[in-house]
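**Student:** Predicted model and sequence below, questions to follow.
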Amino acid sequence: MATTFWNQGEKEVSKGLDILGYRQVDQNVEKDWVSGVTTISFRARYFSLVPWLVAEYYERRGLGHDDVVVEPDYDELIALHRRLELVILACTRYADRLAATNTAGLIGPDLYGTEISSLEAGHAVHLDLNRGGASYGTYVAPCRSFGLLAHENLPGSWAPKLTPRTRGVRDLRRELAGDTHLAHVVLEGGTIGPEMIAAAADLFSASSLTDGRSEPEREFLETALFRPEATQDPKQYERFAQTVRLVLFAVREGLSASSDIIARTYTEAVQNATGSITDVRLVWATYELHRRVHFALELMLSAVTSIVIEHDGATVEQAIAEWMTDDMPAEIEDYIGLPGPRWLQPLGRFIDTVKDEPFLVGPVARSTGRQMPSPGAKAVFALALLCATWRQTRGLRANRSRLPGSQAGMCRAFPLIEEVLKEPLNTAVRTLTDRCVVEAHLNTTLRKMGHGLKCSLRFFPDGEVLRPTGIGARAGYSADRLSNVVGVLTDLGFIPRNGEDGLTARGTALLRELGGV
């Protein structure tokens, strides 16, 4: 009889993102050093256009002052953001065509395709939109962090209060674009056409903050990002400035991708663990340490889940026995120095065979780990990554009284590694899989379900046998927020957009202002 899963036929199945409970640790380490920039807040211009729109809406509705005369209407505000999203998208695409560039990170290309196609075909479009509006939710948090909106809400409301900076950006935008047809249509509704886009594209394009007419807006945003007002936390600004300095220095040295910047910071930190490490470098190295551990453990979860599904149930011991018989691809030797692991040798001897170089010369080869041809090969790659990270960071961990993220996967896995160094590899792997993978997955997922969240179990226990729920497991690597810090700095003109190495003149000046090298 075919297996019938308990969630079969459900319209909505939760795949889950943090199914071991480890990813939230590295994400929490990171967020305090990027001042509210999130993994989805890509472009700098939304930082000014979203609070401008909120301020204009509040004024039209009589809100935002000490005397609140009417409760905000969320649907009305979101309707304005839908119109704004389409205008930003149309203007950015127009500006990108003129500059022969193709920028990303915009809200709405998958939602407003019909309208954009009509505009680019020369037709007018009426902005009566019934989808979209995510720009408010996406950018309200970073706008609050930089004082462009207030952290506290209006009394009894979900809506944020305005700040002097909110009103400042509103007044500035009125001077720059208040008499344009695009501004009127965003605020009041109506129709836009290609000629209207061409006339004011630079004032709404996410790619045009460094253009002549937009220069005052760029200067305003730069002040908001780097100079706190009296009511703001100066430590938050100092942490953000240190992160920006780290980015600018790396870009000046030829690194442009956030993954490369983070990987190099990790490598330098573990190789200089006994020396002086600045707080910002320690934090980003620790962030990468946590990401590597949780990725390795999620790869092991994926390897267990594959076998549980294939056999319609299996014990951890049976899964490891199958790993031991799986053929190893040739590339495994690039990581452990052998064609395959010797499963009866002590774990400590296996660790001696693991190579450092593949895990120090750049970002972790995530695609390699995910695409291993068998569960056993995937588990061996995961074990090599976990053990390499344990060995590389011993000095870093020994010389620091407390690294950020005390509840991390590292705090489960690394003490166990030290306990079972003399155990045979297969026995040690079983201990790690039981405690750091199976137990962590069941505890995390059942706790979430107990709080009313959706079921994301990959398997459930039936005695010692793990029974499948029909959902596979894919190892994840947390998307970093630093990439969007790089994007914001590029929009503001500190980093070249055209692929050139190094910094712009303004980027070099900012690096010098933040302390140089």
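**Tutor:** Okay, I see it.
**Student:** Show me where the stretch 51-200 of the chain has its strands.
**Tutor:** Assigned strands in the stretch 51-200 of the chain, in chain order: 125-126, 191-192 (criterion: DSSP state E, counting those that start in this stretch).
**Student:** Out of those strands, indicate the one that is most buried.
**Tutor:** Among the strands of the stretch 51-200 of the chain, ranked by average contacts under mean count of other C-beta atoms under 10 Å, first place goes to strand 191-192 (a mean of 18). (Glycine included, C-beta is placed from N, CA and C.)
**Student:** Which of the helices or strands spans the residue nearest to residue 455 when sequence neighbours are not counted?
**Tutor:** Using C-beta to C-beta, 6 or more residues apart in numbering and skipping the chain neighbours, the partner closest in space to residue 455 is residue 449 (5.7 Å). Secondary structure assignment for residue 449, by DSSP states H and E: helix 439-450.
**Student:** quick one: contacts of that helix?
**Tutor:** Contact with helix 439-450 is made by 16, 18-22, 297, 301, 409, 412, 454-461, as judged by C-beta atoms under 8 Å, 6 or more residues apart in numbering.
**Student:** Name the residues of stretch 43-63 that are buried.
**Tutor:** 43-58, 61, 63 (16 or more other C-beta atoms under 10 Å).
**Student:** Only alpha carbons, please: show the helix holding residue 449 as CSV.
**Tutor:** Provided in CSV are the C-alpha atoms of helix 439-450 (Å, rounded to 0.1, in the frame of the first residue of the first chain):
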residue,chain,number,x,y,z
GLU,A,439,16.7,16.0,18.5
ALA,A,440,17.1,19.6,17.5
HIS,A,441,14.6,19.3,14.6
LEU,A,442,12.0,17.6,16.7
ASN,A,443,12.3,19.9,19.7
THR,A,444,12.3,23.1,17.5
THR,A,445,9.4,22.0,15.3
LEU,A,446,7.2,20.6,18.0
ARG,A,447,7.7,23.8,20.1
LYS,A,448,6.7,25.9,17.1
MET,A,449,3.6,23.8,16.6
GLY,A,450,2.8,24.1,20.3
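**Student:** pLDDT of that helix, averaged?
**Tutor:** The average pLDDT within helix 439-450 is 90.
**Student:** for stretch 197-214, same thing?
**Tutor:** If you average the pLDDT over stretch 197-214, you get 95.
**Student:** Same check on stretch 57-65?
**Tutor:** Mean pLDDT, computed over stretch 57-65, is 85.
**Student:** Then stretch 278-286?
**Tutor:** 92.
**Student:** In this protein, where is pLDDT below threshold?
**Tutor:** Along the chain, the model assigns pLDDT under 70 to residues 1-17, 65-69, 399-402, 404-407, 517.
**Student:** so what are the domain limits for it?
**Tutor:** The record, using automatic domain parsing to delimit domains, assigns the chain the ranges 39-232, 281-468.
**Student:** re earlier: looking at the strands of the stretch 51-200 of the chain, spot the one closest to residue 269.
**Tutor:** The closest of the strands of the stretch 51-200 of the chain to residue 269 is strand 191-192. By C-beta to C-beta, the value is 50.6 Å.
**Student:** Residue 37 versus residue 250, what's the distance?
**Tutor:** Counting by C-beta to C-beta, to the nearest Å, the gap from residue 250 to residue 37 is 17 Å.
**Student:** Have a look at those two and say which one is more surrounded.
**Tutor:** When neighbours are counted by other C-beta atoms under 10 Å, residue 250 and residue 37 differ, and residue 37 comes out ahead with 28 against 20.
**Student:** That one contacts residue 481, doesn't it?
**Tutor:** Yes. Counting by C-beta atoms under 8 Å, residue 481 is a contact partner of residue 37 at 5.3 Å.
**Student:** Hmm, residue 265 and residue 482 touching each other?
**Tutor:** No. The criterion here is C-beta under 8 Å, and residue 482 misses it with residue 265 at 9.7 Å.
**Student:** neighbours of residue 198, just the number please.
**Tutor:** Per other C-beta under 10 Å, the neighbour tally for residue 198 reads 13.
**Student:** What distance do you get for it to residue 90?
**Tutor:** 10 Å.
**Student:** Just the buried positions in stretch 219-234, please.
**Tutor:** For stretch 219-234, the neighbour count (16+ other C-beta under 10 Å) marks 220, 221, 222, 224, 225, 226, 228, 232 as buried.
**Student:** Tell me the secondary structure of the fourth one, please.
**Tutor:** This points to residue 224. Look at residue 224: counting by DSSP: H, G, I helix; E, B strand; the rest coil, its state is helix.
**Student:** so what's it up against?
**Tutor:** Contacts of residue 224 (C-beta under 8 Å, 6+ apart): 47, 146, 147, 148, 165.
**Student:** same question, the second one
**Tutor:** For residue 221, the contacting residues are 44, 47, 48, 209, 492, by C-beta under 8 Å, 6+ apart.
**Student:** hmm, try it at 6 Å
**Tutor:** By C-beta atoms under 6 Å, 6 or more residues apart in numbering, the residues touching residue 221 are 47, 48.
**Student:** so which helix or strand takes in it?
**Tutor:** Using DSSP H and E, residue 221 sits in helix 215-226.
**Student:** Just want the angle from the following helix or strand past that helix to helix 215-226.
**Tutor:** For helix 215-226, the following helix or strand on the C-terminal side (DSSP H and E) is helix 234-252. Interaxial angle, helix 234-252 versus helix 215-226 (axes from the mean of the first three to the mean of the last three C-alpha atoms, to 10 degrees): 110 degrees.
**Student:** Could you check helix 234-252 and say which residues are buried?
**Tutor:** Buried, per 16+ other C-beta under 10 Å, within helix 234-252: 236-237, 239-252.
**Student:** which residues make contact with that helix from outside it?
**Tutor:** Identification of contacts with helix 234-252 by C-beta under 6 Å, 6+ apart yields 33, 35, 228, 261, 280, 486, 495, 502-503, 507, 511, 514-515.
**Student:** what comes up buried for the helix or strand that it is followed by?
**Tutor:** Per DSSP H and E, the first helix or strand lying C-terminal to helix 234-252 is helix 258-271. Neighbour counts over helix 258-271 (16+ other C-beta under 10 Å) mark 258, 259, 261, 262, 263, 264, 265, 266, 267, 269, 270 as buried.
**Student:** Make sure the fourth one is actually in contact with residue 288.
**Tutor:** It refers to residue 262. Yes. Here residue 262 reaches residue 288: they are 5.1 Å apart, a contact under C-beta atoms under 6 Å.
**Student:** which residues touch residue 182?
**Tutor:** By C-beta under 6 Å, 6+ apart, the contact set of residue 182 is 87, 196, 200, 204.
**Student:** in terms of contact, does the second one touch residue 181 like I think?
**Tutor:** Yes. With contact defined as C-beta under 6 Å, residue 196 counts as touching residue 181 (4.8 Å).
**Student:** the more surrounded of these two?
**Tutor:** residue 196 (21 against 17).
**Student:** Please report how far the more buried one lies from residue 185.
**Tutor:** Distance from residue 196 to residue 185, by C-beta to C-beta: 8 Å.
**Student:** hey, where'd the helices end up in the stretch 101-250 of the chain?
**Tutor:** Secondary structure of the stretch 101-250 of the chain by DSSP state H, counting those that start in this stretch: the helices cover 113-120, 134-145, 164-177, 181-188, 194-200, 215-226, 234-252.
**Student:** so can I have a markdown table of the ones you listed showing distance to residue 98?
**Tutor:** Shown next, in a markdown table, are the helices of the stretch 101-250 of the chain (distance: least, C-beta to C-beta, whole Å):
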| stretch | distance to residue 98 |
| --- | --- |
| helix 113-120 | 13 |
| helix 134-145 | 23 |
| helix 164-177 | 18 |
| helix 181-188 | 17 |
| helix 194-200 | 9 |
| helix 215-226 | 18 |
| helix 234-252 | 25 |
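**Student:** before we move on, back to that, which of the buried residues of stretch 219-234 sits closest to residue 376?
**Tutor:** Residue 376 has its nearest neighbour among the buried residues of stretch 219-234 in residue 225, at 48.6 Å by C-beta to C-beta.
**Student:** All good on my end, thank you.
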